[in-house]
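*Asks:* Quick check, what structure comes out for this input:
(one chain, ligands or ions: 2)
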Amino acid sequence: MSTAISQPLVAAPKISEPAAFGRVAVLMGGTSAEREVSLDSGRNVLAALRARGVDAHPVDGIAALLEALSAKRFDRVFNILHGNKGGGEDGVLQGALEAIGVPYTGSGVLGSALSMDKIRTKQVWASEGLPTPKFARLRHGDDMRAAARALGLPVFVKPSCEGSSVGVFRILAEADLAQAEAFAAGYAGELLMEQMVVGDEFTVGIFGDTALPSIRIVPAGEWYDYHAKYIADDTQYLCPGLEGDDEATVRDLALRAFRAAGCSGWGRVDVMRDRRSGFQLIEINTAPGMTSHSLVPKAAGQIGIDFETLCWLILETSFENAGVAEVRER
Ligand SMILES: Nc1ncnc2c1ncn2[C@@H]1O[C@H](COP(=O)(O)OP(=O)(O)O)[C@@H](O)[C@H]1O
Ligand SMILES: [Mg+2]
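*Replies:* Ligands and ions are numbered 1, 2, ... in the order given. As a prediction, this is how the structure comes out:
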């Protein structure tokens, strides 16, 4: 099936003067497990915005931000926190900022909260007829073996609400379940068990109404685990990941998946391509990394958007939320 997207078109900047952004908080760090990655992303964003003349300042964590905002020290927030449970990416921060009428980058409350929960994101996709691997929702104490038999091996088991490939298990044979069961015994949250996709892995950066060129991730090992993501330097990233109609299809699918989950502004959609069943949606990241190894900057670079311009364009998406304060004041 051929789709409408051929070449990504990213609108030219709408804002020409850096002063139009006012004083900008670049929110980074925080207390989540992804603190270090967030600090790395944040420093890059801060330097890029300052290089373009934006009055940008670093803020470490949500508590420090709220304190600064109560003293009215910032006009908008560039959010580059990564993480859940109030870690900045799961809707909690977004709700607080909506409540006090401060514009911010990225998805709103609903898109952020939903995307942090892999099971419920998949339920929305499935209800819209979007392809995602068959799955089971496991609550603490549920019988993992029975679920694996019902779905059929091989499967992946992972926490519904974590990131960075933490607690992700690849189960090829029933004997491999012991490891996942041991993890589950000490984990209170829900686990997602889903059929394993056998085939290539892609990620698609979303920017406004546009899907950026896909990136094909080729880990040296079997899958894109924590080591391949953050430690190994032999993971290959090919951009664009596909050609012709296939590339158009994966971009179109990613954009539809992003919108179906109520996301906006910018983000990244993980997709795999099963050798038999074709493209399968895996998950959405609503505050993707902006480090020198990160994938959204790579994809943007492929169509001629340099890092500074990308940061500027992302900051512009904060104006999508800017109606909030005016509505409240009426
Ligand atoms: N159903 C699946 N089939 C095959 N590989 C998978 C599947 N789910 C996850 N993976 C692998 O595990 C990695 C991490 O899973 P993902 O759902 O993206 O969680 P995280 O939030 O940790 O990035 C993926 O990048 C992919 O390599
Ligand atoms: Mg992922």
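*Asks:* ok, is the helix or strand where V37 lies in contact with ligand 1 or not?
*Replies:* With elements taken from DSSP states H and E, the one containing V37 is helix 35-51. No - in this structure, helix 35-51 remains apart from ligand 1 according to C-beta under 6 Å from any ligand atom; the gap is never smaller than 12.1 Å. Yep, even glycine has a C-beta here, placed from its N, CA and C like the rest.
*Asks:* Contacts for that helix next, please.
*Replies:* Defining contact as C-beta atoms under 8 Å, 6 or more residues apart in numbering, one finds that helix 35-51 is touched by 24, 26-30, 32, 56-58, 60, 78, 80-83, 88, 164, 230, 289-292, 294, 307-308, 310-312, 315.
*Asks:* Mind checking which of the residues you listed are buried?
*Replies:* 24, 26-30, 32, 56, 60, 78, 80-83, 88, 164, 230, 289-291, 294, 307-308, 310-312, 315 (16 or more other C-beta atoms under 10 Å).
*Asks:* Give me the subset of these lying in helices.
*Replies:* With helices defined by DSSP state H, the entries of these inside them are 307-308, 310-312, 315.
*Asks:* Closest one of those to L242?
*Replies:* Each of those was checked against L242 using C-beta to C-beta; the closest is L310, at 22.0 Å.
*Asks:* now that closest one, nearest residue through space, not along the chain?
*Replies:* Nearest residue to L310, sequence neighbours excluded (C-beta to C-beta, 6 or more residues apart in numbering): A300, at 4.7 Å.
*Asks:* Go ahead and confirm that neighbour touches I215.
*Replies:* No - applying C-beta atoms under 8 Å, one finds A300 not in contact with I215, separated by 10.9 Å.
*Asks:* quick one: common contacting residues for these two?
*Replies:* Overlap of the contact sets of A300 and I215 (by C-beta under 8 Å, 6+ apart) consists of G205.
*Asks:* Parallel or antiparallel, list what pairs with the helix or strand that contains A136.
*Replies:* Assigning secondary structure by DSSP H and E places A136 in strand 135-138. Using DSSP bridges, the neighbouring strands of strand 135-138 in the sheet come out as strand 191-195 (antiparallel).
*Asks:* still on that earlier bit, T249: which of the ones in helices among the buried ones among the contacts of helix 35-51 is nearest?
*Replies:* Proximity of these to T249, judged by C-beta to C-beta, is greatest for L310, which lies at 24.6 Å.
*Asks:* Now do the contacts for that closest one.
*Replies:* Contact analysis of L310 by C-beta under 8 Å, 6+ apart lists 48, 296-297, 300.
*Asks:* and the two most separated of those residues?
*Replies:* A48 and V296 (13.0 Å).
*Asks:* re earlier: how far out from the middle of the chain is the strand holding A136?
*Replies:* Between the centre of strand 135-138 and the centre of its chain there are 21 Å (C-alpha atoms, centre = their mean, to the nearest Å).
*Asks:* Extract the CA atoms of the following helix or strand past that strand and return them as CSV.
*Replies:* For strand 135-138, the succeeding helix or strand toward the C-terminus, using DSSP H and E, is helix 144-151. This file holds the C-alpha atoms of helix 144-151, laid out as CSV (Å, rounded to 0.1, in the frame of the first residue of the first chain):
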residue,chain,number,x,y,z
MET,A,144,3.4,-16.1,33.3
ARG,A,145,3.7,-19.6,31.9
ALA,A,146,0.0,-19.8,31.1
ALA,A,147,0.2,-16.4,29.4
ALA,A,148,3.2,-17.5,27.3
ARG,A,149,1.5,-20.7,26.3
ALA,A,150,-1.6,-18.8,25.2
LEU,A,151,0.4,-16.3,23.2
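*Asks:* what's the model's confidence in helix 144-151, averaged?
*Replies:* Per-residue pLDDT over helix 144-151 has a mean of 96.
*Asks:* which residues are in contact with that helix?
*Replies:* Under the criterion C-beta under 8 Å, 6+ apart, residues 134-136, 138, 155, 157, 171, 174, 177, 180-181, 184, 191, 193-195 lie in contact with helix 144-151.
*Asks:* Could you rerun that using 7 Å?
*Replies:* Applying C-beta atoms under 7 Å, 6 or more residues apart in numbering, the contact partners of helix 144-151 are 134, 136, 138, 155, 171, 174, 177, 180-181, 184, 193, 195.
*Asks:* could you dump these to JSON lines with neighbour count, pLDDT and distance to C263?
*Replies:* Formatted as JSON lines, the contacts of helix 144-151 follow (neighbours: other C-beta atoms under 10 Å; pLDDT from 0 to 100; distance: C-beta to C-beta, whole Å):
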{"residue": "K134", "neighbour count": "15", "pLDDT": "98", "distance to C263": "23"}
{"residue": "A136", "neighbour count": "19", "pLDDT": "97", "distance to C263": "25"}
{"residue": "L138", "neighbour count": "23", "pLDDT": "97", "distance to C263": "25"}
{"residue": "V155", "neighbour count": "25", "pLDDT": "97", "distance to C263": "27"}
{"residue": "I171", "neighbour count": "21", "pLDDT": "96", "distance to C263": "30"}
{"residue": "E174", "neighbour count": "12", "pLDDT": "93", "distance to C263": "37"}
{"residue": "L177", "neighbour count": "20", "pLDDT": "95", "distance to C263": "33"}
{"residue": "A180", "neighbour count": "24", "pLDDT": "94", "distance to C263": "29"}
{"residue": "E181", "neighbour count": "14", "pLDDT": "95", "distance to C263": "33"}
{"residue": "A184", "neighbour count": "22", "pLDDT": "92", "distance to C263": "29"}
{"residue": "M193", "neighbour count": "25", "pLDDT": "98", "distance to C263": "24"}
{"residue": "Q195", "neighbour count": "19", "pLDDT": "98", "distance to C263": "24"}
